[in-house]
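> please work out how this folds:
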Amino acid sequence: MAQRATTKIINPPPPGATTYQICDYVANKDAIMNKDIVKKKKKKKKKKKKKKKKKKKKKKKKKTATNNVDEKKKEKRK
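Predicted structure coming up:
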């Protein structure tokens with residue numbers, strides 16, 4: 001069986017619609033009436049989330065024993 005072309009019933013533009021919206025509405029209606037290919041809405045691409053960079057931990061310097069430092073200073077003074 002052959003498929004019958006169906007016409008879509010378009011609702012009139014909402015009250016307070018801008019001229020751009022009304023023009024768009026008329027263009028779509030004409031396309032359907034002429035049985036042209038109706039433009040499909042493009043799917044929005046999902047934005048990729050940026051990966052957060054991990055902060056490097058600073059290594060703590062080992063503290064030398066105070067006794068050692070004092071002894072070394074004393075040796076230098078001699």
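
> what's the burial count for Lys54?
The local packing of Lys54 (other C-beta atoms under 10 Å) involves 6 other residues. Every residue, glycine included, has its C-beta placed from N, CA and C.

> pLDDT score assigned to it?
Lys54 carries a pLDDT value of 82.

> next: Val26.
We have a pLDDT of 59 for Val26.

> again, but for the one 3 residues further on
Lys29 carries a pLDDT value of 60.

> low-confidence ranges, this structure, go.
For the chain, applying pLDDT under 70 flags the ranges 1-42, 63-70, 77-78.

> can we see that at 80?
By pLDDT under 80, the weakly predicted segments of the chain are 1-45, 61-78.

> and Lys74, what element?
Per DSSP states H and E, Lys74 falls inside helix 66-77.

> and for Lys60?
Secondary structure (DSSP H and E) places Lys60 outside all helices and strands.

> what about it, how many neighbours?
Counted with other C-beta under 10 Å, residues neighbouring Lys60 total 6.

> roughly how far does it sit from Lys44?
Separation of Lys60 from Lys44 (C-beta to C-beta, to the nearest Å) stands at 48 Å.

> check Glu75 too.
For Glu75, the distance to Lys44 - C-beta to C-beta - is 74 Å.

> please apply the same query to Lys62.
For Lys62 relative to Lys44 (C-beta to C-beta), the value is 55 Å.

> check Lys59 too.
According to C-beta to C-beta, Lys59 and Lys44 sit 46 Å apart.
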